[in-house]
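Peer 1: Sequence and predicted structure are below.
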Amino acid sequence: MMWLLQDSSPPKKPPFSLPNCHQSSLGLCSPQHTYVHTFVSTLGYGLLLLNGQTWFQHRRMLTPAFHYDILKPYVGLMADSVRVMLDKWEKLLGQEDSPLEVFQHISLMTLDTIMKCAFSHQGSIQVDRNSQSYIQAIRDLNDLFFSRVRNAFYQNDTIYSLTSAGRWTHRACQLAHQYTDQVIQLRKAQLQKEGELEKIKRKRHLDFLDILLLAKMENGSILSDKDLRAEVDTFMFEGHDTTASGISWILYALATHPKHQERCREEVHGLLGDGASITWNHLDQMPYTTMCIKEALRLYPPVPGIGRELSTPVTFPDGRSLPKGIMVVLSIYGLHYNPKVWPNPEVFDPFRFAPGSAQHSHAFLPFSGGSRNCIGKQFAMNELKVATALTLLRFELLPDPTRIPIPMARLVLKSKNGIHLRLRRLPNPCEDKDQL
């Protein structure tokens, strides 16, 4: 296994370091199967890990779940979940005047959103203990994955299963799988109700889980329970954890750049007023806020690296080559901080993404690129915009100078010490009018 960095010269102050292909002592040059096998034991062979014709069939089958007709009503559901989180923050501010660690709250909110939008869940799960256990399990698996691939002694499954880390991984996998199994069984039970199945079939486009439950492959067979759970595991993990990372770092970036934050707030307030309602049509009418969101994703890409197995040999412009079959891990973080691609890469400059600005199509890859790009890219961008807009209307964001986040490269970009922000409640213009 190799790590292929986009540029050999790192930024002056990198938020974290990534190993290069010469650091085999870290265990990253061990057999490729360990890297993939660890993913499979957690997520199964879903869209993220499938290859060839099976991947193509699943991708084509699931693409309609992200049609704009499906995504439009999700904006209201996203807003509902965000408001539940913001209401919780208001109550916490009333109890104590201290910085708030936002990542854990945002993780619950994005899981709540996925459950409502993709899995037809009714009500909010942001106070559900089972949901909190699931999020903790995913957090543990993130850390355990990295500790395993970097330890030569953990490459053997039998040996690893006897270690405390191996037993911990097994328990975390069980918790995660139990949660997704419950989601699947609950929706199956709902579809068995009289008239529910016919109502679903009459819809022009189906939600994610309904597509999986009603799908037939090209040979006429339905998805096996194993394949079904793999897709649900994959989408639930990718759909909440990566988005939570993105939102958390966006809010942190705006907190540390108050002039940009205020300009975004003015834009959103001019568009939404008090934020009583936000719709699909609003999302394309906040250009400056979108610019800031994209710049935060450049500085803090939710997925700092992606893996690809070469299907053909590759020869680079300098003459070096890699053979077919090798696993290459591309550093999205390295690309986003490459001074040859992004001048002064450490500077937060949203005008890099101003309308009409010229960029290479693969200079900015928070959602990967090519045919295997993130299938939920538009869903995620919508959620980032909704969460950012509604948060800015409710709170002024301030950094906590005593706890500056320390970015940590995992499957998803996290902070070693959490992401702590000070929140200052803003007056509601409608409330002021009522008082007058």
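Peer 2: Thanks, I have the structure now. Numbers count the residues shown, from 1 in each chain.
Peer 1: Dump stretch 373-386 to PDB, keeping only the CA atoms.
Peer 2: Provided in PDB are the C-alpha atoms of stretch 373-386 (Å, rounded to 0.1, in the frame of the first residue of the first chain):
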ATOM      1  CA  ASN A 373     -17.700  10.600  -6.600                       C
ATOM      2  CA  CYS A 374     -20.000  10.900  -3.600                       C
ATOM      3  CA  ILE A 375     -23.500   9.900  -4.700                       C
ATOM      4  CA  GLY A 376     -25.000  12.100  -1.900                       C
ATOM      5  CA  LYS A 377     -23.000  15.300  -2.900                       C
ATOM      6  CA  GLN A 378     -26.000  17.400  -3.500                       C
ATOM      7  CA  PHE A 379     -27.800  16.100  -0.400                       C
ATOM      8  CA  ALA A 380     -24.700  17.000   1.700                       C
ATOM      9  CA  MET A 381     -24.300  20.500   0.200                       C
ATOM     10  CA  ASN A 382     -28.000  21.200   0.900                       C
ATOM     11  CA  GLU A 383     -27.600  20.200   4.500                       C
ATOM     12  CA  LEU A 384     -24.400  22.300   4.900                       C
ATOM     13  CA  LYS A 385     -26.200  25.300   3.600                       C
ATOM     14  CA  VAL A 386     -29.300  24.800   5.800                       C
END
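Peer 1: and that stretch, how far from the chain's centre?
Peer 2: Put simply, stretch 373-386 sits 9 Å off its chain's centre (C-alpha atoms, centre = their mean, to the nearest Å).
Peer 1: in that stretch, what's buried?
Peer 2: 374-376, 379-386 (16 or more other C-beta atoms under 10 Å). Glycine gets a C-beta too; all of them are placed from N, C-alpha and C.
Peer 1: Please apply the same query to stretch 58-70.
Peer 2: Buried, per 16+ other C-beta under 10 Å, within stretch 58-70: 58, 61-62, 65-66, 70.
Peer 1: First-to-last residue distance for that stretch?
Peer 2: Using C-alpha to C-alpha, to the nearest Å, the end-to-end distance of stretch 58-70 comes out at 18 Å.
Peer 1: Could you do stretch 392-409 as well?
Peer 2: 28 Å.
Peer 1: Kindly report the same for stretch 349-367.
Peer 2: So stretch 349-367: terminal residues 20 Å apart, C-alpha to C-alpha.
Peer 1: Quick check: which ranges of the stretch 251-400 of the chain have low pLDDT?
Peer 2: 275-276 (pLDDT under 70).
Peer 1: residue ranges for the helices of it, please.
Peer 2: 258-272, 287-299, 332-336, 377-394 (DSSP state H, counting those that start in this stretch).
Peer 1: Nearest to residue 401, out of the ones you listed?
Peer 2: helix 258-272 (13.4 Å; C-beta to C-beta).
Peer 1: Of all the residues in that closest one, which ones are buried?
Peer 2: 260-261, 263-265, 267-269, 272.
Peer 1: quick one on the thing from earlier: closest one to residue 403 out of the buried residues of stretch 373-386, please.
Peer 2: Distances from residue 403 to the buried residues of stretch 373-386, taken by C-beta to C-beta, are shortest for residue 384, at 23.6 Å.
Peer 1: how close does that closest one get to residue 259?
Peer 2: 21 Å (C-beta to C-beta, to the nearest Å).
Peer 1: repeat for residue 104
Peer 2: From residue 104 over to residue 259 (counting by C-beta to C-beta), the distance is 29 Å.
Peer 1: ok, now residue 419?
Peer 2: 21 Å.
Peer 1: same question, residue 307
Peer 2: 38 Å.
Peer 1: Equivalent analysis for residue 318, please.
Peer 2: Where residue 259 is concerned, residue 318 sits at a distance of 42 Å (C-beta to C-beta).
Peer 1: can you pull out the helices in the stretch 51-200 of the chain?
Peer 2: 52-62, 68-95, 102-119, 129-149, 157-162, 164-191, 196-201.
Peer 1: Out of these, which is the most enclosed?
Peer 2: helix 102-119 (a mean of 24; mean count of other C-beta atoms under 10 Å).
Peer 1: What mean pLDDT does that one get?
Peer 2: Helix 102-119 comes out with an average pLDDT of 91.
Peer 1: just to revisit the earlier point, quick check: which of the helices of the stretch 251-400 of the chain is nearest to residue 365?
Peer 2: helix 332-336 (5.2 Å).
Peer 1: That closest one packs against which elements?
Peer 2: strand 305-309 (3 or more C-beta pairs under 8 Å, 6 or more residues apart in numbering; DSSP states H and E).
Peer 1: Run me through the strand neighbours of the strand it packs on, direction for each.
Peer 2: Take DSSP bridges as the rule and strand 305-309 pairs in its sheet with strand 327-331 (antiparallel).
Peer 1: how about the CA coordinates for the partner strand, as CSV?
Peer 2: Output of strand 327-331 as CSV, limited to C-alpha atoms (Å, rounded to 0.1, in the frame of the first residue of the first chain):
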residue,chain,number,x,y,z
MET,A,327,-3.8,0.5,-3.7
VAL,A,328,-3.2,4.2,-3.9
VAL,A,329,-4.5,6.5,-1.2
LEU,A,330,-4.9,10.1,-2.5
SER,A,331,-4.4,12.9,-0.1
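Peer 1: List the buried residues of it.
Peer 2: Buried residues in strand 327-331 (16+ other C-beta under 10 Å): 327-331.
Peer 1: now do stretch 293-311
Peer 2: 293-307.
Peer 1: next one: stretch 420-431
Peer 2: 420-423.
Peer 1: Of those, which is the nearest to residue 91?
Peer 2: Using C-beta to C-beta, the buried residues of stretch 420-431 come closest to residue 91 at residue 423, 11.7 Å.
Peer 1: Report how many residues lie close to the nearest residue to the closest one once chain neighbours are set aside.
Peer 2: Excluding the flanking residues, the one nearest residue 423 by C-beta to C-beta, 6 or more residues apart in numbering is residue 395, at 4.5 Å. Residues lying near residue 395 (other C-beta atoms under 10 Å) number 22.
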